[in-house]
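Enquirer: Kindly return the folded structure for what I paste below:
(chains A and B)
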Amino acid sequence: MKVLLVDDSGVMRKIIARGLNSLWVDEVVEAADGVEALSKFGDGVGFDMILTDWNMPNMNGLEFVKAVRNDGHKLPIMMITTETEKSQVLLAIQAGVNDYLVKPFDQETLQKKLERVIPNPTLA
Amino acid sequence: MPLLSLDIETVIANAIDSSIRETFSLMIGQELTHVQTNRVVNKMPTVGKYNQNRPVDYDEEITVVVGLSGQLQGSVSVCMDLESALLWTENLIDHQSATLDQTVIDAISELGNIVTGGAKRRLEDRDLALGLPYVMLAGKSRLAFPSSCEPLQVEYAFGGHEMNVFISLTTA
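Expert: Got it, this is the predicted structure:
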């Protein structure tokens, strides 16, 4: 299982990566903004999921998600953000986001959300 | 810029209080204890050349400031001593350090981000926008405010230490 984790905060990436590593994720590829994320995502081969922040410099999470979807990739994408206004949520869903994780969160919530989006291959 | 009415100020203070409690509880499993809330009367720094009797310790305290704009304008600042900052960082990402380093500053920045982001979520109807947080190696004794605002100082106890939130906002 390989996950692309996009957040401009190194601290937030560490928190989320710790949660991912406690699950059945083999590899976490980190990026600090949408531009770096697109570069690391490449043709998307091998990636099983994307976790992305919304507010980032250079290319924000919404633009990044649109770019991934416009290229025809169907992997699950979870947005991690403090934005919960209905209009914002609608924008994210329209862009192709599958699920939301609202900051702040505890490890249990993170794990539950991840389990919902990333199927445990050992249970398949 | 007009000062906030007491009703609006209460709503904002409650939003920030809920947000910071939620942040500490969810992110590091620590409950904050509210100590007191006061109006900031002395808006000038209480150290340095403004008070020769107090030594200036540049690195003993740390403050993250986040600017807000929209229907409300101003800033929210969270001040804590170095030990509290190290405790927050260690609990948040298992980073152990005896001194202030870039990771601690990043973790304190993130605290500012999450707390103000949570407050923004609770004040959806105010159409707020948040600025990028910035961190100062200075504490509450070095903060100063313009005479046109009436900041609130909310004191909490965190890990046996004092932590202060300064809410300095006016209506646009």
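Enquirer: count of neighbours near the residue in chain A that chain B sits nearest to?
Expert: Nearest residue of chain A to chain B, counting by Cβ to the nearest Cβ: residue A:82, 3.0 Å away. To be clear about C-beta, it is placed using only N, CA and C from the backbone, and glycine gets the same treatment. Close neighbours of residue A:82, defined as other Cβ atoms under 10 Å in any protein chain shown, add up to 22.
Enquirer: Please verify my assumption that it contacts residue B:117.
Expert: Yes - the pair formed by residue A:82 and residue B:117 meets the contact definition of Cβ atoms under 8 Å, at 3.0 Å.
Enquirer: circling back to that earlier point, quick one: residues contacting the residue of chain A closest to chain B.
Expert: Residue A:82 is in contact with A:102, A:103, B:113, B:114, B:117, B:118, B:120, B:121, counting by Cβ atoms under 8 Å, 6 or more residues apart in numbering or on different chains.
Enquirer: now do 7 Å
Expert: In this structure, residue A:82 makes contact with A:102, A:103, B:117, B:118, B:120, B:121, judged by Cβ atoms under 7 Å, 6 or more residues apart in numbering or on different chains.
Enquirer: just to revisit the earlier point, what sits in contact with each of residue A:82 and residue B:117?
Expert: By Cβ under 7 Å, 6+ apart, residue A:82 and residue B:117 have these common neighbours: residue A:103.
Enquirer: Can you list phi and psi of the residue in chain B positioned nearest to chain A for me?
Expert: Per Cβ to the nearest Cβ, residue B:117 is where chain B lies closest to chain A, at 3.0 Å. Per-residue torsions, residue B:117: phi -60, psi -40 (degrees, to the nearest 10).
Enquirer: what's the burial count for it?
Expert: Neighbour tally, residue B:117, other Cβ under 10 Å: 23.
Enquirer: With residue B:144 instead?
Expert: Counted with other Cβ under 10 Å, residues neighbouring residue B:144 total 11.
Enquirer: residues from chain B in reach of chain A?
Expert: Contact residues, chain B versus chain A (Cβ under 7 Å from any Cβ of the partner chain): B:22-23, B:26-27, B:92-93, B:106-107, B:110, B:114, B:117-118, B:120-121, B:124.
Enquirer: how about 8 Å then?
Expert: Chain B comes close to chain A at residues B:22-23, B:26-27, B:29, B:92-94, B:103, B:106-107, B:109-110, B:113-114, B:117-118, B:120-121, B:124, as judged by Cβ under 8 Å from any Cβ of the partner chain.
Enquirer: Buried subset of those, written for ChimeraX?
Expert: Provided next is the ChimeraX selection string for whichever of these are buried by 16 or more other Cβ atoms under 10 Å in any protein chain shown:
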select /B:22,23,26,27,92,93,103,106,107,109,110,113,114,117,118,120,121
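Enquirer: out of the residues of chain B next to chain A, which are inside helices?
Expert: The helices, defined by DSSP state H, take in B:22-23, B:26-27, B:92-93, B:103, B:106-107, B:109-110, B:113-114, B:117-118, B:120-121 from the residues of chain B next to chain A.
Enquirer: Quick check: mean pLDDT of the helix or strand hosting residue A:68?
Expert: For residue A:68, the enclosing helix or strand under DSSP states H and E is helix A:61-70. The average pLDDT within helix A:61-70 is 96.
Enquirer: from the chain's centre, how far out does that helix sit?
Expert: Chain-centre distance of helix A:61-70: 11 Å, with Cα atoms, centre = their mean, to the nearest Å.
Enquirer: Same question for stretch A:96-115.
Expert: Using Cα atoms, centre = their mean, the distance from the centre of stretch A:96-115 to the centre of the chain it belongs to is 10 Å.
Enquirer: start to end distance for that stretch?
Expert: From its first residue to its last, stretch A:96-115 covers 19 Å (Cα to Cα, to the nearest Å).
Enquirer: any idea what the spatially most central residue of chain B is structurally, helix, strand or coil?
Expert: Among the residues of chain B, the one closest to the centroid is residue B:78, at 1.7 Å (Cα atoms, centre = their mean). Following DSSP: H, G, I helix; E, B strand; the rest coil, the label given to residue B:78 is strand.
Enquirer: Tell me the bridge partners for it.
Expert: Per DSSP bridges, the residues bridged to residue B:78 are residue B:64, residue B:165.
Enquirer: in terms of contact, does it touch residue B:84 like I think?
Expert: No - in this structure, residue B:78 is not within contact of residue B:84 by Cβ under 8 Å, at 10.0 Å.
Enquirer: Overlap in contacts, these two.
Expert: Common contacts of residue B:78 and residue B:84, defined by Cβ under 8 Å, 6+ apart, comprise residue B:163.
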